[in-house]
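Everything below, folded, please.
(2 chains)
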Amino acid sequence: MKDHDEHPEFDEMQFRELTGNLRAFGQYLDSEPVESMPTSVWEHLATTLSLESADRVVPDSPAALGSDPAVLELESYRKHRIGGKWVGGLVAASVTLFAVGIGVNALNSDTDDRNVVVAGALTTTSPQIVQAGFVQPAVEVMESGHDYNSANLKDTITRLLGTIGINEPMDMFMAPIHSMESAKMNKSTGMTGNLETLRRCLNEITNSESSQAIFVDRATFQGMDAGVIVIPMVMFKGMDTLTTSDDRMKFAINLESAGADLGALDVWVVGPDCGTLGLDIYSHVSHSLN
Amino acid sequence: MTLTDLRELSDRELIAAHVIGDSQAFSELVSRHRDRLWSVALRTTGDPEEASDALQDALISAFRRADQYRGEAAVTTWLHRIVVNAGLDRLRRKAVRPTTTLPDHHENSSIEIVEPRDAITERENWMEISAALAQLPKDQREAIILVDVQGYSVEAAAVELQCPTGTIKSRCSRGRAKLAETLGHLRNQDGNEIVTPLDQNSTNSRKEDKK
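Residues are numbered from 1 along each chain as shown, chains lettered A, B, ... in the order given. Below is the predicted model:
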């Protein structure tokens, strides 16, 4: 009673209608039917939680104490909007990640800019500082000489990915993102004439200056000069904001743990002038490496 | 712990697993209740874009503050409150005005609290209440949400917010006074209250609150 005497207006009878409305509001919030969360929202949340998980240090854990070999140095991760959709804001921080229970085979282990992943623990050989700026537009550029068409497009892509060592989704994220060399650009004109042109082409397609195709094949499509561009779908889910191989691989691991389909591919068949004169789209399909 | 193992855990066990460092427990918890949480965010903000952002704010907050979960209420109730607060925070920051532009699928929402009322007007009223709550100082709003919106007892709210019961009552009192002023125009808009008088259940609930 004392409290009521001190707060006589707490007596709900004085605000009977108001408190009734508030309770009804609470019932409205919790009422049926429940709306289904859109897939895009869920994927976005799963990504966010994965990043949050990577940024987490549990007090008193070996990682927090800094004494465990499985402690990683991550230099930063950032979030941004893609096509108007919020994915996060730039965060620059040095964080540690205690990664356990992850076993993935390393690919092309002769480079510095990569993690070496071994069963049971994730270690890094050379944590690099992010070099802002130009991101290679593709991991691999080739000229297969193949004449693609709608019927053989997906099978051919799967086969060609195999020739460059990509047989499973995670393989796509093991390759260092800064390793491509201009020497691989054989075509003298058009979209694969030089790295800058191909970069502009990717920019047009992905609306991101740091996206990266897993491979680009300058070939033909139904007899027409064309470029086949294969981009992991996760590039559209925030991976493009990460500019080191370390970060991208961890991002992929987290997404995979959250149930995302890492093998989903966005395939564009474009005219040879992509990145120069304009973007002609001959075909745009989804594919999966799974 | 495998995903299969996690799926067999209760909500409280998932929170506990998260707190001690399981990297997937929290995601499993959110996945389990995602539609309910989405609905709450959508109804609080009245806008899918805001709801998406609010839900993200809420879940990051819950992720980081999971060790503060007291276990007094169900995990879903705890998450529900955090989502509502995040939604109201966004309304406050964005100064979103009450709107009638909710998605079409809301047209079929079964809001049965009011005897026959125009559904759009009713949603406008809910959004008015959301907006008014958003304008309250955070401490008052949290107390009002727990006690008046979610039906906590004063004592349970005091435990949840880690303050004396007198503080909860004081915050509720001040918050109610402001809300009564802000929402006064909703009263008897056309000769009726915006919602019907309390039903039997909610009356009982408040009686329990006073115990």
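
Isn't B:Gly46 up against B:Ser130?
Yes. Taking contacts as C-beta atoms under 8 Å, B:Gly46 lies within contact range of B:Ser130: 6.9 Å. Just so you know, the C-beta spots here come from the backbone N, C-alpha and C atoms, and that holds for glycine as well.

With neighbour numbers in mind, choose between these two.
Neighbour tally, B:Gly46 and B:Ser130, criterion other C-beta atoms under 10 Å in any protein chain shown: the higher count belongs to B:Gly46, 25 against 22.

Could I get the phi/psi values of that one?
phi 70, psi 10 (degrees, to the nearest 10).

what number of residues lie near A:Arg159?
Other residues close to A:Arg159 by other C-beta under 10 Å number 12.

Check it and give its pLDDT.
What the model reports as pLDDT for A:Arg159 is 91.

can you tell me how far it sits from chain B?
32 Å (C-beta to the nearest C-beta, to the nearest Å).

now that residue: how far from B:Lys169?
Relative to B:Lys169, A:Arg159 is positioned 72 Å away (C-beta to C-beta, to the nearest Å).

and A:Asn290, what element?
If you go by DSSP states H and E, A:Asn290 is not part of any helix or strand.

what stretches of chain B score poorly on pLDDT?
B:1-4, B:94-119, B:186-211 (pLDDT under 70).

How about chain A?
Using pLDDT under 70, the flagged stretches of chain A are A:1-14, A:54-133, A:175-188, A:243.

residue contacts, the residue most central in space within chain B?
Geometric centre of chain B, nearest residue: B:Val84, 3.5 Å, by C-alpha atoms, centre = their mean. By C-beta atoms under 8 Å, 6 or more residues apart in numbering or on different chains, the contact set of B:Val84 is A:29, B:40, B:44, B:145, B:149.

most surrounded residue in the residues you listed?
Highest neighbour count within these, by other C-beta under 10 Å: B:Thr44, with 32 neighbours.

and that residue, that's in a helix?
Yes. Assessed with DSSP: H, G, I helix; E, B strand; the rest coil, B:Thr44 lies in a helix.

Phi, psi for the nearest residue to it once chain neighbours are set aside please.
The shortest distance from B:Thr44 to any non-neighbouring residue, by C-beta to C-beta, 6 or more residues apart in numbering or on different chains, is to B:Gly87 (3.2 Å). When read as degrees, to the nearest 10, the backbone of B:Gly87 gives phi -60, psi -40.

B:Glu155 and B:Ile145, how far apart?
Using C-beta to C-beta, B:Glu155 is found at 16 Å from B:Ile145.

nope, B:Pro164 is what I meant
18 Å.

quick one, domains of the chain?
Unless you meant another one, I'm taking chain A. Domain ranges of chain A: A:39-124, A:138-288, per automatic domain parsing.

try again with chain B
Segmentation of chain B into domains, based on automatic domain parsing, reads B:10-96, B:113-211.

Assess the claim that the residue nearest to B:Thr44 and B:Leu37 are in contact.
No. If you go by C-beta under 8 Å, B:Gly87 and B:Leu37 don't touch, sitting 10.5 Å apart.

Could you check which of those two is surrounded by more residues?
Neighbour count, other C-beta under 10 Å: between B:Gly87 and B:Leu37, B:Gly87 has more, with 30 against 25.

ok, now which ones touch that one?
Contacts here follow C-beta under 8 Å, 6+ apart; on that basis B:Gly87 touches B:40-41, B:44-45, B:50-51, B:54, B:58, B:130.

how does it look with 7 Å?
For B:Gly87, the contacting residues are B:41, B:44-45, B:51, B:54, by C-beta atoms under 7 Å, 6 or more residues apart in numbering or on different chains.

Now render the contacts of B:Val84 as a markdown table, adding distance to B:Phe26.
Shown next, in a markdown table, are the contacts of B:Val84 (distance: C-beta to C-beta, whole Å):
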| residue | distance to B:Phe26 |
| --- | --- |
| A:Leu29 | 22 |
| B:Val40 | 18 |
| B:Thr44 | 21 |
| B:Ile145 | 22 |
| B:Val149 | 25 |
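
Looking at the residues you listed, which one is closest to A:Asp266?
B:Val40 (33.0 Å; C-beta to C-beta).

quick one: which helix or strand includes that closest one?
In the assignment (DSSP H and E), B:Val40 maps to helix B:25-45.

which parts of that helix are buried?
Within helix B:25-45, the residues that qualify as buried by neighbour count (16 or more other C-beta atoms under 10 Å in any protein chain shown) are B:25-34, B:36-45.

CA-only coordinates of whatever helix or strand comes next after it in PDB, if you can.
Scanning forward in sequence from helix B:25-45 by DSSP H and E, the next helix or strand is helix B:48-65. Taking C-alpha atoms only, helix B:48-65 is exported to PDB below (Å, rounded to 0.1, in the frame of the first residue of the first chain):
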ATOM      1  CA  PRO B  48       8.400  -3.900 -43.500                       C
ATOM      2  CA  GLU B  49      11.600  -2.000 -44.000                       C
ATOM      3  CA  GLU B  50      11.500  -0.600 -40.600                       C
ATOM      4  CA  ALA B  51      10.500  -4.000 -39.200                       C
ATOM      5  CA  SER B  52      13.500  -5.600 -40.800                       C
ATOM      6  CA  ASP B  53      15.900  -3.000 -39.400                       C
ATOM      7  CA  ALA B  54      14.200  -3.100 -36.000                       C
ATOM      8  CA  LEU B  55      14.500  -6.900 -35.900                       C
ATOM      9  CA  GLN B  56      18.100  -6.700 -36.700                       C
ATOM     10  CA  ASP B  57      18.700  -4.100 -34.000                       C
ATOM     11  CA  ALA B  58      16.800  -6.300 -31.600                       C
ATOM     12  CA  LEU B  59      18.500  -9.500 -32.300                       C
ATOM     13  CA  ILE B  60      22.000  -8.000 -32.100                       C
ATOM     14  CA  SER B  61      21.000  -6.500 -28.800                       C
ATOM     15  CA  ALA B  62      19.600  -9.800 -27.600                       C
ATOM     16  CA  PHE B  63      22.700 -11.700 -28.900                       C
ATOM     17  CA  ARG B  64      24.900  -9.400 -26.800                       C
ATOM     18  CA  ARG B  65      22.800  -9.300 -23.700                       C
END
